[in-house]
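Peer 1: sequence and predicted structure, then a few things I'm wondering about:
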Amino acid sequence: MGLFSRRTDGAATNGHNSTPVPKSHGRDRTRTKREPFDVDSGHLNRRPSFGQWLKFTWLDILTMAAMGAVGLGVYEAKPAPSRSFPVTFQDGEIVYPEFAYPLRHEIVPIWAAALMAALIPIFIILCMQVRIRSFWDANNAILGLLYSLIAAAVFQVFVKWLIGGLRPHFLSVCDPDPALISLGGSGFRNVMFQRNVCRGNVDKIDDSLESMPSGHSTAAWAGFFYLYLYLNAKLKVFSNYHPAFWKLIAIYAPLLGATLITGALTIDEFHNWYDCLAGAIIGTVFALSAYRMLYASVWDFRFNHIPLTRHTPFSYGAGAAGAGGFESAVFTRRAGWGYEEAYGGAPFDAAHGLRGQATGFNTGAGPHGVESRNHDVEHNAGFAPTNGVTGGYTNGTTHSHGAPVGEPAPAAASDGRYHPRRSIERKAVPI
């Protein structure tokens with residue numbers, strides 16, 4: 001079965017055409033014919049052709065390329081501000097020893113931090129597709145990751161270029177000329193100097209004047225915090241059931257990686273702690289923003305696994321049509337997750353709690369002239385039991401669950417709640 005093909009449960013194909021093939025080794029096999037992506041079908045969780053995909057994403061690709069070029073140009077530009085700094089007091093004591101650390105090699109080079117922040121999340125997202133098997137989920141996840149990384153990088157290089165700051169090894173790189181220092185500078189008691197007193201390498205001096213924010217931290221948190229959000233949504237760690245402990249470890253492993261990359265910058269003295277904090281905030285903000293652009297929610301476990309499409313709005317809790325077939329776009333298979341739902345949102349979500357008249361579903365307290373529909377969970381969600389019969393209002397012929405009047409309703413669970421069934425045909429237990 002292909003990486004992004006959809007799973008079918010038994011005879012329920014959810015719109016897929018299946019044709020039998022000859023028996024092999026005594027077992028029946030079914031070949032699933034993938035239906036083409038069609039916006040009007042209402043089932044959007046299908047792989048499009050390359051032309052369809054390019055039609056939806058070409059503007060994003062062009063924008064990302066343009067922003068990448070802008071970011072690279074600003075990164076290569078000379079520092080904009082002309083900074084003043086003190087060197088020593090009159091007795092020779094260094095004014096700011098926190099800028100006098102020796103220049104050392106980076107523990108994690110910037111190119112390595114950027115590659116890890118991009119390639120590790122992409123690798124994990126693709127590995128998750130072995131079980132999720134959704135083209136649009138992989139597409140949205142990777143696009144959102146690129147949104148986060150590129151936008152955060154451009155944001156931080158502009159701040160670095162226009163504001164910047166002194167790196168902890170600035171004075172070592174600057175190597176002030178004692179003769180020029182003895183002539184005095186400017187400001188109060190002439191203790192402030194500019195880079196014209198420096199004798200060091202010009203490129204290293206330029207770099208040491210652009211400390212804030214940290215590019216390492218920005219990239220690490222833009223990539224790994226995004227991965228944290230993705231794993232939380234797909235594993236349903238903070239949702240409506242008690243997950244296994246390993247899932248908590250799995251979602252926080254990316255944050256540990258981001259923290260280690262960020263912390264290493266204070267060990268090799270390439271950044272001040274506040275540079276790292278600023279970079280982490282920038283990366284986190286863009287990760288949150290990018291994830292929310294591509295998925296229906298960030299923290300709401302009922303919807304944060306559902307990829308958004310550019311052509312069809314997602315109707316929160318408005319049923320399978322609103323979810324577009326993405327109800328099963330999760331990795332976990334616990335507590336009913338990972339199987340097609342009869343209605344949108346989380347498994348066991350109270351149908352009448354989120355569905356309004358604007359979505360076309362009846363959510364009233366009673367029929368009031370509106371007839372219930374056989375086997376229509378969404379339409380009948382707002383109906384309450386009546387006539388002493390469990391199962392909803394009647395229209396004089398049938399109950400809302402479809403059983404004729406006078407016949408008992410389907411048996412409800414003893415606790416009166418919804419219960420998971422590993423089938424596309426889920427049934428609502430009467431309230």
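Peer 2: Yep, that arrived.

Peer 1: got any ranges where the stretch 201-350 of the chain has weak pLDDT?
Peer 2: Applying pLDDT under 70 to the stretch 201-350 of the chain flags the ranges 317-324, 339-350.

Peer 1: what's the burial count for the closest residue to Val197 other than its chain neighbours?
Peer 2: Among residues not flanking Val197 along the chain, Leu180 sits closest, at 4.4 Å (C-beta to C-beta, 6 or more residues apart in numbering). All C-beta spots, glycine's among them, are computed from the backbone N, C-alpha and C. Other residues near Leu180 number 15, with proximity taken as other C-beta atoms under 10 Å.

Peer 1: which ones are touching Leu180?
Peer 2: Phe193, Asn196, Val197 (C-beta atoms under 8 Å, 6 or more residues apart in numbering).

Peer 1: residues contacting the second one?
Peer 2: It stands for Asn196. Here Asn196 is in contact with Leu180 (C-beta under 8 Å, 6+ apart).

Peer 1: and it, what's its pLDDT?
Peer 2: At Asn196, the model reports a pLDDT of 86.

Peer 1: what comes up buried for stretch 258-265?
Peer 2: Using 16 or more other C-beta atoms under 10 Å as the test for burial, stretch 258-265 gives Ala258, Thr259, Ile261, Thr262, Ala264, Leu265.

Peer 1: using CSV, write out the CA atom coordinates for it.
Peer 2: C-alpha atoms of stretch 258-265 as CSV (Å, rounded to 0.1, in the frame of the first residue of the first chain):
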residue,chain,number,x,y,z
ALA,A,258,16.3,23.0,21.1
THR,A,259,17.3,23.7,24.6
LEU,A,260,20.7,22.0,24.2
ILE,A,261,21.5,23.9,21.0
THR,A,262,20.5,27.1,22.6
GLY,A,263,22.5,26.4,25.8
ALA,A,264,25.6,25.5,23.9
LEU,A,265,25.9,29.1,22.8
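
Peer 1: in CSV, list the contacts of Leu180 along with secondary structure and distance to Tyr226.
Peer 2: Formatted as CSV, those follow (DSSP: H, G, I helix; E, B strand; the rest coil; distance: C-beta to C-beta, whole Å):
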residue, secondary structure, distance to Tyr226
Phe193, strand, 42
Asn196, helix, 43
Val197, helix, 43
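
Peer 1: and the residues you listed as CSV, adding distance to Tyr230?
Peer 2: As requested, these are arranged in CSV below (distance: C-beta to C-beta, whole Å):
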residue, distance to Tyr230
Phe193, 49
Asn196, 49
Val197, 50
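
Peer 1: coming back round to it: in a markdown table: the buried residues of stretch 258-265, plus distance to Phe170 and secondary structure.
Peer 2: Below are these laid out as a markdown table (distance: C-beta to C-beta, whole Å; DSSP: H, G, I helix; E, B strand; the rest coil):
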| residue | distance to Phe170 | secondary structure |
| --- | --- | --- |
| Ala258 | 26 | helix |
| Thr259 | 25 | helix |
| Ile261 | 22 | helix |
| Thr262 | 20 | helix |
| Ala264 | 19 | helix |
| Leu265 | 15 | helix |
